[in-house]
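> Build me a structure from this.
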Amino acid sequence: MSIRYKIALLFSSLVTLLFVLISLVVYFYSVNERSELFKTRLKNRVYSTARVYASISDSNYNLLRRIDATPVASLYDKSLVVTGFNDTPVYSYSDKPGDSLLLHKEVIEEAKINGEYYFTYGDKEAVAIHQQDSLSNFVVAVAAHDNDGAEYFRQLREILYISLALSIFLSFVSGIVFAGTLIRPISQITSEVNLISSRNLSSRIKMKRSGDELTKLAGTFNDLLDRLHDSFSSQRLFISNASHELSTPLTSVSNQLDVALQKKRTVDEYEGILQSIQEDIQHLQQLTHSLLDIAKTGSQGGIDLAEIRIDEVLFKVVAGIQKQNDEYRIQLNFNEIPDDDRSVTTFGNSNLLYVAFKNIIENGCKYASDKNASVSVSFTDTYISVTVFNKGNPITEEDRLNIFQPFFRSGLTQDKPGFGLGLTLAKQIISLHKGNIIAAPGKEDGTNFIIQLPGILSFTRV
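Numbering: from 1, shown residues only. Here you go, the predicted model:
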């Protein structure tokens with residue numbers, strides 16, 4: 001069942017339930033009012049009979065019989081009875097012969113105790129009153145059918161039934177119209193989303209300025225499309241650059257093998273070709289390793305996190321870089337060592353953080369004019385900040401916008417070995433640890449790489 005009909009059924013059910021509740025209230029209120037009205041008429045008839053009976057000085061009830069024989073509206077098939085001092089009937093009348101009203105002793109006692117007493121006699125409504133003064137002591141009762149009330153209730157039920165049927169039909173139809181109006185924007189969003197594919201991710205869903213939930217839904221879809229567009233664009237660029245970078249060493253190896261096989265060569269020539277091929281293969285291995293590292297960091301659910309001391313990771317990185325490159329010099333400065341060891345601790349993966357810091361610091365040394373890099377570490381209650389500074393030609397504003405893109409290399413670094421993947425990998429690792437990295441010009445000539453990682457206290461603070 002479509003959501004349109006579900007909404008229509010829900011709306012119709014709510015309207016029907018509300019109408020039924022109102023109808024029940026109206027019906028029972030009408031029943032109560034009609035019952036009170038009929039009781040009032042019965043009581044008026046009883047008191048009229050009692051006044052006439054009390055005014056008769058003898059046992060001649062002809063006047064009373066003529067009055068009782070007069071038809072009274074809304075009192076049908078009426079029966080009357082008057083009991084004397086010893087509770088025996090002294091006068092009775094009924095519209096139908098043989099339809100006499102017989103008062104039980106309990107009814108007479110209730111009338112004497114309460115002054116008046118309402119009861120049912122068969123299928124009739126009845127009332128009895130007790131009249132007592134210095135000259136008389138008697139009970140008068142009358143019973144009758146409320147035929148007008150029964151007809152009134154029958155017509156009221158018919159009206160309510162017809163109204164209920166009409167309300168169900170009209171509420172369902174109006175519910176369909178209402179649901180159509182409600183889901184039309186959703187259908188429009190669905191249609192627009194279906195038209196969007198990986199080839200036209202630049203398309204966006206049109207948003208109205210109503211500020212309702214559907215507008216927020218369209219905005220959420222547009223935000224998702226923005227992220228998908230950026231992801232697909234980066235992926236296409238990455239695949240294009242990776243294909244080019246991978247094909248270069250492979251083409252070089254293939255060409256050198258073709259040249260070597262064209263004719264017989266000396267041992268020295270073969271050794272030279274093999275050495276060149278070995279360099280290309282090592283280049284290819286390094287490139288493939290970097291690409292695999294980037295692919296691994298693309299899945300946030302694929303790493304194990306633990307409490308990591310940033311100072312220990314940095315000491316290990318500095319030692320590793322200087323061991324591999326004797327000409328590199330790194331100054332590691334801690335602005336202030338906090339008393340609480342947790343201030344230098346974060347949740348992370350030690351191996352990945354080692355790779356990220358190694359790439360950044362190693363780049364700092366590689367591209368510095370004096371092969372030196374300065375690493376400053378500071379701590380706050382929320383973040384651990386690591387700043388890597390090197391002297392040399394500062395990175396231009398345009399390059400800083402693209403420096404973390406895969407395979408991007410500044411014009412100032414084309415003569416240096418590398419693939420343009422180190423900073424990309426570092427940024428992905430830092431982002432994976434809920435951190436941030438930016439490149440900014442230094443106070444002196446050179447560049448600052450500022451890394452911020454959330455400290456463990458930011459996770460434990462309530």
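
> Verify the contact between Y47 and H130 for me.
No - using CB atoms under 8 Å, Y47 makes no contact with H130, being 11.7 Å away. Backbone N, C-alpha and C define where each C-beta goes, glycine included.

> Between these two, which is the more surrounded one?
H130 (21 against 16; other CB atoms under 10 Å).

> Now name the helix or strand holding the more buried one.
Element membership for H130 (DSSP states H and E) is strand 124-132.

> elements contacting that strand?
The elements that strand 124-132 packs onto, with contact taken as 3 or more CB pairs under 8 Å, 6 or more residues apart in numbering; DSSP states H and E, are helix 3-55, helix 105-114, strand 116-121, strand 137-145.

> deepest of the ones you listed, which one?
strand 137-145 (a mean of 24; mean count of other CB atoms under 10 Å).

> Neighbouring strands of it in the sheet, and parallel or not?
strand 76-83 (antiparallel), strand 124-132 (antiparallel) (DSSP bridges).

> Would you indicate which residues of the last one are buried?
Of all the residues in strand 124-132, those buried under the rule 16 or more other CB atoms under 10 Å are 124-131.

> same question, stretch 318-331
So, applying 16+ other CB under 10 Å, buried residues of stretch 318-331: 318, 321, 328-330.

> Now do the same for that stretch: mean pLDDT, whole number.
The average pLDDT within stretch 318-331 is 85.

> ok, now stretch 87-97?
pLDDT averaged over stretch 87-97 gives 85.

> And for stretch 363-380, what's in contact with it?
The contact list for stretch 363-380 (CB atoms under 8 Å, 6 or more residues apart in numbering) reads 310-311, 314, 318, 321, 325, 327-336, 338, 343-344, 361, 384-393, 412-413, 416, 418, 422-423, 446-447, 449, 455.

> Disregarding residues adjacent in the polypeptide, which is nearest to S203?
Closest residue to S203 apart from its sequence neighbours, by CB to CB, 6 or more residues apart in numbering: I196 at 5.1 Å.

> Report the secondary structure state of the one you found.
Three-state call for I196 (DSSP: H, G, I helix; E, B strand; the rest coil): coil.

> Tell me if I'm right that it and L224 touch.
No - counting by CB under 8 Å, I196 stays clear of L224, with 10.4 Å between them.

> ok, the two, which is more surrounded?
I196 (17 against 11).

> Nearest to Y29, out of the strands paired with strand 137-145?
Of all the strands paired with strand 137-145, strand 124-132 sits nearest to Y29, with 18.5 Å by CB to CB.

> from the middle of its chain, how far away would that closest one be?
66 Å (CA atoms, centre = their mean, to the nearest Å).

> same deal with stretch 316-324?
Counting by CA atoms, centre = their mean, stretch 316-324 comes out at 51 Å from the chain centroid.

> Could you do stretch 349-358 as well?
Worked out by CA atoms, centre = their mean, stretch 349-358 lies 38 Å from the chain centre.

> before we move on, what about stretch 265-278?
68 Å.

> hmm, who's touching it?
In contact with stretch 265-278 (CB under 8 Å, 6+ apart) are residues 252-253, 256-257, 259-260.

> Output the strands paired with strand 137-145 in CSV; the columns should cover mean pLDDT.
CSV is the format used below for these (pLDDT from 0 to 100):
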stretch, mean pLDDT
strand 76-83, 88
strand 124-132, 90
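
> Distance to Y367 added to these, as a markdown table?
Shown next, in a markdown table, are these (distance: least, CB to CB, whole Å):
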| stretch | distance to Y367 |
| --- | --- |
| strand 76-83 | 113 |
| strand 124-132 | 108 |
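
> which stretch among those comes nearest E33?
Once the strands paired with strand 137-145 are compared by CB to CB, strand 124-132 is nearest, at 14.4 Å.

> Residues contacting the closest one, please?
By CB under 8 Å, 6+ apart, strand 124-132 touches 35, 38-39, 42-43, 46-47, 50, 54, 77, 79, 101, 103, 107-108, 110-112, 115-120, 137-146.

> and if you look at stretch 102-116?
Contacts of stretch 102-116 (CB under 8 Å, 6+ apart): 43, 46, 81, 83, 87, 89, 117, 119, 127-130, 139, 141.

> bridging residues for Q331?
Beta-bridge pairing for Q331 (DSSP bridges): S374.

> Now do N325 against S374, distance only.
Distance, N325 to S374, using CB to CB, to the nearest Å: 16 Å.

> cool, Y117 as well?
Distance from Y117 to S374, by CB to CB: 108 Å.

> tell me the angle of the host helix or strand of I183 relative to strand 124-132?
Element membership for I183, per DSSP H and E: helix 147-194. Calculated by axes from the mean of the first three to the mean of the last three CA atoms, to 10 degrees, helix 147-194 forms an angle of 130 degrees with strand 124-132.

> neighbours of I438, just the number please.
Quick note: I438 (other CB under 10 Å) scores 13 neighbours.

> In contact with it, which residues?
449-450.

> can you dump the C-alpha coordinates of stretch 98-114 into PDB?
Provided in PDB are the C-alpha atoms of stretch 98-114 (Å, rounded to 0.1, in the frame of the first residue of the first chain):
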ATOM      1  CA  GLY A  98     -57.300  -4.400  30.700                       C
ATOM      2  CA  ASP A  99     -54.000  -2.400  30.800                       C
ATOM      3  CA  SER A 100     -54.400  -1.400  34.400                       C
ATOM      4  CA  LEU A 101     -51.500  -0.100  36.600                       C
ATOM      5  CA  LEU A 102     -50.900  -2.200  39.700                       C
ATOM      6  CA  LEU A 103     -48.700  -0.600  42.300                       C
ATOM      7  CA  HIS A 104     -46.400  -2.900  44.300                       C
ATOM      8  CA  LYS A 105     -46.000  -2.300  48.000                       C
ATOM      9  CA  GLU A 106     -42.300  -1.300  47.500                       C
ATOM     10  CA  VAL A 107     -43.300   1.400  45.000                       C
ATOM     11  CA  ILE A 108     -45.900   2.800  47.400                       C
ATOM     12  CA  GLU A 109     -43.400   2.800  50.300                       C
ATOM     13  CA  GLU A 110     -40.700   4.600  48.100                       C
ATOM     14  CA  ALA A 111     -43.300   7.200  47.100                       C
ATOM     15  CA  LYS A 112     -44.300   7.800  50.800                       C
ATOM     16  CA  ILE A 113     -40.600   8.000  51.900                       C
ATOM     17  CA  ASN A 114     -39.300  10.300  49.000                       C
END
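
> Identify each buried residue in stretch 140-160, please.
For stretch 140-160, the buried set under the neighbour-count rule, 16+ other CB under 10 Å, comprises 140-146, 149, 156, 160.

> Please name the residues that touch the nearest residue to L352 once chain neighbours are set aside.
Of all residues not flanking L352 in the chain, I429 sits nearest, at 4.7 Å (CB to CB, 6+ apart). By CB under 8 Å, 6+ apart, the contact set of I429 is 297, 352-353, 355-356.

> any chance of the residues you listed in a markdown table, with distance to F379 and neighbour count too?
Shown next, in a markdown table, are the contacts of I429 (distance: CB to CB, whole Å; neighbours: other CB atoms under 10 Å):
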| residue | distance to F379 | neighbour count |
| --- | --- | --- |
| T297 | 25 | 23 |
| L352 | 21 | 24 |
| L353 | 16 | 25 |
| V355 | 22 | 19 |
| A356 | 18 | 31 |
